[in-house]
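Peer 1: sequence plus the predicted model coming up.
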Amino acid sequence: MRTHQVECETKTKAAPSFVDLTEDIQKALGESGISNGQVTVFSPDTTCAILVNERESGLLEDIKRAIVRLNPNGDEGHAGMLGATSVVLPAVDGQLRLGMWQRVLLVELREPSQRSIVIQIVGE
């Protein structure tokens, strides 16, 4: 069993907003040389979340409205209930195993910022 870890940076432009991390994660998986295993995507910042969902504009607007309703005073504590700081995804034959329309999204909950994402891949 092997482990590969990379850290990537992204910049958010607004709060709430979404950054699609899927291609960065797939690139890290390809560079790892690991075909089958697990991919953990982790944000060390508690003011953003990782979400696996469709990247459909209407759905993302609904999620934004829910974040604003949970977070009327700008306190990120309640908004964090919509996601987690990490997700674990399967890797099969060198590809992320996601549903047809699923994407891995970073959700900015507080304010635009430079964000660091840790991608750790374990497998063979």
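Peer 2: Ah, there it is.

Peer 1: what packs against the longest helix belonging to the chain?
Peer 2: Longest helix of the chain, by residue count under DSSP state H: helix 57-70. Counting contacts by 3 or more C-beta pairs under 8 Å, 6 or more residues apart in numbering; DSSP states H and E, the secondary-structure elements packed against helix 57-70 are strand 17-20, strand 48-54, helix 76-79. For every residue, glycine as well, the C-beta is placed using N, CA and C.

Peer 1: pLDDT-wise, which helix or strand of this protein ranks last?
Peer 2: helix 76-79 (a mean of 54; mean pLDDT, DSSP states H and E).

Peer 1: residue 94 and residue 35 touch, don't they?
Peer 2: Yes: counting by C-beta atoms under 8 Å, residue 94 does reach residue 35; the two are 4.7 Å apart.

Peer 1: which residues in this structure form strands?
Peer 2: Taking DSSP state E, the strands of the chain run over residues 2-11, 17-20, 37-42, 48-54, 86-92, 95-96, 102-108, 114-123.

Peer 1: who are the packing partners of the fourth one?
Peer 2: If I follow you right, that is strand 48-54. Contact here means 3+ C-beta pairs under 8 Å, 6+ apart; on that basis strand 48-54 packs against helix 57-70, strand 86-92, strand 102-108.

Peer 1: need the pLDDT of residue 71.
Peer 2: For residue 71, the pLDDT comes out at 71.

Peer 1: shaky segments in this structure?
Peer 2: The chain contains residues with pLDDT under 70 at 72-81.
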